[in-house]
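Student: Got a predicted structure plus its sequence, pasted below:
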Amino acid sequence: MNDPHAPLQHHRGHLRLGWRVVVTVLIVIAVFAVLGISAVRRDAIDLLNPEAIRELLTVCGVLVVVVVALVGVYSVMVDFVFWEGWMEGLPDPNHLFPDDPEGECDHRHFVVYLDGIHQSEESHPPRVSDFLQTLEQAIDQDALLVKGIEAYTITPVGLRSTPLAQWFWHRLFALQEHHPNGWVRFLCAFCVQANNVIKVGISSDRRYGPVMNYELALKIARRLARLGFHPSRAARVVLVGYSGGGEMAIGTAAMLQRLCRVPVQVITVCGVFSGNGELESVDHVAMVVGAKDPVAAFGRIAYPGRSPLLPLSNWNRWLAHGRLHRYEIPAMNHNGNAGPFSTAFRGKVVEAICRELTLTQGT
């Protein structure tokens, strides 16, 4: 019997050498940056000199670039560390669901919410929590809303519980929330968002994306199994992705469908996605968009795979035979007081999602 991991293992093997070179180069850059900081500290008395101030700002800019680069390397390498089994988190997909399920489950439809790049842990911000509560009350009784999945880590927990970097993320979140200097808070928040943005980019990449998307699909499948999901009883899984979570949903859908052995459909809310995902086996994709959403509109321009000028891209090939439903909400923006989680538009977004769930329930 063929090993189901073999194609991805072969794919990873070709990339390992390249990433070792990248990590080595970035470590060398970090060492030089530290030496530069030491030199600045020795000459701190000269900081009142305008030239010294300009030099200090230059060094700080270089450090920001290095930090972002290191965050990017961390975002990629932790996936391969996880894949290698060092964190003992990659289960055998054949053992996810037992042949003889125990107990009963009243739910046949499982709606999985994947948050945007602002997410730093399993809990959601107040506005998102209120939106999810509204959605949970609106869906049918035989549907279960699955919340709290951190889409930007591949371990079963959030960033601050990641075994390899628990201290780092704890410290970063503490600085982000409590440091008196606004610039420090901004930089820490920037690092968290940089990690998540990089994960969205990895998911959309044809080279590295399959590894991370497979691991995220396993993470979702394991959560579903703990909630009583079983292929013999469930009817479908619906991935609802907001903003960058739309890319994570589209990138994961086909693999999750193979793992769970039930139809998987995708609903994006103000989604920013590439269209590089393998959607051949996914029948339904719906888009809930705001008429005044510049972020989602820019995403369509930034990812050429969604351009009609490239008819052979994954997205356009899927559009040729797939079923795309588009729900446009007038005056809605990407976030804030005019975003999908605001009191002004929360109900309309939930209504569009429920309409899509009802429309595709019997197909």
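Tutor: That came in fine, so what should we check first?

Student: wait, doesn't residue 107 sit right on residue 146?
Tutor: No. Using CB atoms under 8 Å, residue 107 is not in contact with residue 146, being 9.9 Å away. The C-beta positions use only the backbone N, C-alpha and C, and glycine is treated the same way.

Student: need the helices for the stretch 201-350 of the chain, in chain order.
Tutor: Remark: helices assigned in the stretch 201-350 of the chain by DSSP state H, counting those that start in this stretch are 209-226, 245-260, 294-302, 314-321, 346-359.

Student: Please work out which of those is packed deepest.
Tutor: Sort the helices of the stretch 201-350 of the chain by mean neighbour count, taking mean count of other CB atoms under 10 Å, and helix 245-260 sits at the top with a mean of 26.

Student: Contacts for stretch 275-287 next, please.
Tutor: Applying CB atoms under 8 Å, 6 or more residues apart in numbering, the contact partners of stretch 275-287 are 204-206, 209, 213, 247, 250-251, 253-254, 257-258, 263-268, 271, 303, 305-306, 313-318, 322-327, 352, 356, 360, 363.

Student: Count the residues that sit near residue 338.
Tutor: 15 (other CB atoms under 10 Å).

Student: Can you name the residues that contact it?
Tutor: By CB under 8 Å, 6+ apart, the neighbours of residue 338 are 290, 292, 331-332, 344-345.

Student: go on, residue 348?
Tutor: Contact analysis of residue 348 by CB under 8 Å, 6+ apart lists 329, 332.

Student: what about the protein, any weak spots by pLDDT?
Tutor: Residues of the chain that meet the criterion pLDDT under 70 lie in 1-23, 25, 28, 31-53, 55-56, 59-92, 102-103, 118-123, 153-195, 362-363.

Student: Can you tell me how far residue 140 is from residue 354?
Tutor: Going from residue 140 to residue 354 by CB to CB, to the nearest Å gives 9 Å.

Student: typo on my end, residue 336
Tutor: Taking CB to CB, one finds residue 336 at 24 Å from residue 354.

Student: Setting the sequence-adjacent residues aside, check what's closest to residue 255.
Tutor: residue 217 (4.0 Å; CB to CB, 6 or more residues apart in numbering).

Student: Mind listing what's buried along stretch 125-144?
Tutor: Of the residues in stretch 125-144, 127-128, 131-132, 134-135, 139, 143-144 count as buried by neighbour count, 16 or more other CB atoms under 10 Å.

Student: In strands only, show me those.
Tutor: Counting by DSSP state E, the part of the buried residues of stretch 125-144 found in strands is 143-144.

Student: for the buried residues of stretch 125-144, which one is nearest residue 235?
Tutor: Residue 235 lies nearest to residue 143 out of the buried residues of stretch 125-144, by CB to CB, at 9.3 Å.

Student: dump the residue contacts of the residue nearest to residue 262 when sequence neighbours are not counted.
Tutor: Excluding the flanking residues, the one nearest residue 262 by CB to CB, 6+ apart is residue 234, at 5.0 Å. By CB under 8 Å, 6+ apart, the contact list for residue 234 reads 105, 107-110, 260, 262.

Student: Now, those residues that are in strands?
Tutor: Those of the contacts of residue 234 lying in strands (DSSP E): 109-110.

Student: Restrict the contacts of residue 234 to the buried ones and give me that as a ChimeraX selection.
Tutor: Applying 16+ other CB under 10 Å to those leaves a buried subset, and the ChimeraX line that selects it is:
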select :107,108,109,110,260,262
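
Student: What is the nearest of the contacts of residue 234 to residue 96?
Tutor: Nearest to residue 96 out of those is residue 260 (CB to CB; 8.2 Å).

Student: Does the closest one touch residue 231 like I think?
Tutor: Yes. If you go by CB under 8 Å, residue 260 and residue 231 touch, sitting 6.1 Å apart.

Student: Quick check: neighbours shared by those two?
Tutor: Contact with both residue 260 and residue 231 is made by residues residue 97, according to CB under 8 Å, 6+ apart.

Student: Export the contacts of residue 234 to CSV and append columns for distance to residue 222.
Tutor: As requested, these are exported to CSV (distance: CB to CB, whole Å):
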residue, distance to residue 222
105, 16
107, 17
108, 20
109, 19
110, 13
260, 11
262, 15
